[in-house]
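> what follows is a predicted protein model with its sequence.
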Amino acid sequence: MANRTGSADLPLHGGRVPPWLAARMATLGAVITQAIVHHYGRDEFLQRLSHPFWFQSFGAVMGMDWHSSGITTSVIGALKRGLAPLQGELGIHVCGGRGKHSRRTPEELTALGDRIGFDGVALTRASRLVAKVDSAAVQDGFNLYLHGFFVTDDGKWTVVQQGMNGDKRQARRYHWSSQSLKSFVDEPHAAIDGPAQGEIINLTDHRAEGSRTAQLDLLTSLTPDDIVREFAALTGTTEEPPAQAMLPHLVMPAHHDVRSSDVFTRRLHGTLAAAAERGPVDFPELLLTPGVGARTVQSLAMVAEVVHGAPFRFRDPARFSLAHGGKDRHPYPVPITVYDEAIRVMKSAVQKAKLGRDEEMQALKRLDDQARTLERTATGPSFEAFVAKEHTASPSLNGHSVFGWEADIANHKPGSV
């Protein structure tokens, strides 16, 4: 039986990811995927995608809006672009997407099935059933507009899809995983993300099995007049259903800026301390780059946590926005120099690991291990002081946002986006 792992409130944001960030997200997303597959296998990568807390943190570490619904679209798009050249090597394929791309999922799955050898017809049926369940069997006020289907060569899959409630300016994300799926209509979700909406119709709840059976019986054994009489007899019933067990609930706040209350500061201090202690030992060549190396190791420590962290580590996805900032200057502009250096180090580690030289991959894992150890005792700057320092350093690190280059903004020049 699939387990729900939690829910989250996601503010609905408009806008587009600028090309300079979209390209980097595709590259970083691909190398993080390769690192996870290298250490834990592709089944584990699918499981990560089905966890809403990890998914949000994954998007945040890539410089996307840390709390908004836009992470879903941008992460799926980045992975579709970044993993396309690696399909044969990794055996992971990304189908669907937003709008018209969502509607192409069946033909993409059919083509993949013909080329690779899995049952494309069965997977197409799974894709349609997933969409139908979340649009019809779960009537929660959100209209689906995005459907991402991740599938491996052996036919295992994860679906991430999202619905919109325009009136409330909110989105709800749904996660599915085939690895624990036994039924499409009896508690099939790995997780449902979104704001609480009061009472909803959810015919996939296990307690609704009797209702599903009764509805079929009604349709096959009663006339329309009989159904009307049955409904009239039931009107006014006040019996309460049994309470549903509470699930972990990730609240993505409406405020756009990142605040200290959104971040577990002791984990930030552990990351900073680990970067200071392990960096000179494991990345000496990197630290020869004046003014860049030490800051890049901090970002690498957060990337390493996305690769190696246990599920409970991602309960504050805002913290991962401190790796590479955000396109909208929250918590600070994207430091392009740092971002590109982090990509270079990750690419080098992955390429060498393919050749059997695992030293750099293991160095990144040690960085993450050290951060977890040090967070129990480490001290460091306040969240506000850390962010202020990043804003000050932004022009020298080629800080960039949708508003332009920070160096131009600092000099009161019109920026280029």
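Structure received. Numbering: from 1, shown residues only.

> tell me the mean pLDDT for the helix or strand containing Q362?
Applying DSSP states H and E as the criterion places Q362 in helix 359-374. Taken as a whole, helix 359-374 has a mean pLDDT of 95.

> buried set for that helix?
Residues of helix 359-374 classed as buried under the neighbour-count rule (16 or more other CB atoms under 10 Å) are 360-361, 363-365, 367-368, 370-372, 374. C-beta: built from backbone N, CA, C; applies to glycine.

> could you do stretch 279-286 as well?
For stretch 279-286, a neighbour-count test (16+ other CB under 10 Å) marks 279, 282-283, 286 as buried.

> before we move on, what about stretch 106-126?
Those would be 106, 108-109, 112-113, 116, 118, 120, 123-124, 126, for stretch 106-126 by 16+ other CB under 10 Å.

> do stretch 286-296 as well
286-287, 292-296.

> for L268, what are its contacts?
L268 makes contacts with 319, 322, 380, 383, 386, as judged by CB atoms under 8 Å, 6 or more residues apart in numbering.

> among those residues, which ones are in helices?
Mapping the contacts of L268 onto helices (DSSP state H) picks out 322, 383, 386.

> element containing V37, please.
Going by DSSP H and E, V37 is part of helix 19-40.

> so what does that helix touch, helix or strand wise?
helix 42-49, helix 52-61, helix 70-83, helix 87-90, helix 293-308, helix 336-354, helix 359-374 (3 or more CB pairs under 8 Å, 6 or more residues apart in numbering; DSSP states H and E).

> quick one, domains of the chain?
7-205+244-251, 260-410 (automatic domain parsing).

> for the last one, measure first residue to last.
This points to domain 260-410. 25 Å (CA to CA, to the nearest Å).

> do the same with stretch 77-96
From its first residue to its last, stretch 77-96 covers 9 Å (CA to CA).

> give me the residues contacting it.
By CB under 8 Å, 6+ apart, stretch 77-96 touches 17, 22, 25-30, 33-34, 37, 42, 45, 62, 76, 97-98, 102, 104-105, 108-109, 112, 116, 127, 146-154.

> surely S382 is in contact with S260?
Yes. In this structure, S382 is within contact of S260 by CB atoms under 8 Å, at 7.1 Å.

> before we move on, the earlier item: distance to M164 added to the buried residues of stretch 279-286, as TSV?
Shown next, in TSV, are those (distance: CB to CB, whole Å):
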residue	distance to M164
G279	43
D282	44
F283	43
L286	42
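
> out of the residues you listed, who's nearest S178?
D282 (37.5 Å; CB to CB).

> deepest of the helices and strands packed on helix 19-40, which one?
helix 52-61 (a mean of 27; mean count of other CB atoms under 10 Å).

> tell me the mean pLDDT for that one?
pLDDT averaged over helix 52-61 gives 94.

> what does stretch 298-313 give?
Stretch 298-313 comes out at a mean pLDDT of 94.

> same deal with stretch 122-142?
75.

> thinking again about what came up before, closest one of the contacts of L268 to F142?
R319 (27.4 Å).

> per-residue pLDDT of the closest one, please?
97.

> residues in contact with it?
Going by CB under 8 Å, 6+ apart, R319 touches 57, 60, 262-264, 267-268, 302.

> how does it look with 6 Å?
Counting by CB atoms under 6 Å, 6 or more residues apart in numbering, R319 touches V263.

> next one: S401
Applying CB under 6 Å, 6+ apart to S401 gives the contacts 327, 329, 333.

> ok, how many other residues are close to the second one?
With neighbours defined by other CB atoms under 10 Å, the count for R329 comes to 20.

> mind starting the numbering at 325 from now?
All set: I'll call the first residue 325, so the last point we hit is now R653.

> name the nearest residue to it, sequence neighbours excluded.
S725 (4.5 Å; CB to CB, 6 or more residues apart in numbering).

> is that neighbour bridged to anything, and to what?
Taking DSSP bridges as the rule, S725 bridges to G728.

> correct me, but I667 touches T351?
Yes. When contacts are counted by CB atoms under 6 Å, I667 is listed as touching T351 (5.5 Å).

> pull the CA atoms of stretch 494-507 into PDB?
Only the C-alpha atoms of stretch 494-507 are listed here, as PDB (Å, rounded to 0.1, in the frame of the first residue of the first chain):
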ATOM      1  CA  GLN A 494      -2.800  28.400  -4.400                       C
ATOM      2  CA  ALA A 495      -1.400  25.200  -5.900                       C
ATOM      3  CA  ARG A 496      -1.500  21.600  -4.800                       C
ATOM      4  CA  ARG A 497       1.200  19.100  -5.800                       C
ATOM      5  CA  TYR A 498       0.500  15.300  -5.900                       C
ATOM      6  CA  HIS A 499       3.300  12.600  -5.800                       C
ATOM      7  CA  TRP A 500       2.800   9.000  -6.900                       C
ATOM      8  CA  SER A 501       5.200   6.100  -6.800                       C
ATOM      9  CA  SER A 502       4.800   2.700  -8.500                       C
ATOM     10  CA  GLN A 503       7.300   1.100  -6.200                       C
ATOM     11  CA  SER A 504       4.700   0.800  -3.400                       C
ATOM     12  CA  LEU A 505       1.500   1.000  -5.500                       C
ATOM     13  CA  LYS A 506      -1.000  -1.800  -5.100                       C
ATOM     14  CA  SER A 507      -4.200   0.000  -6.200                       C
END
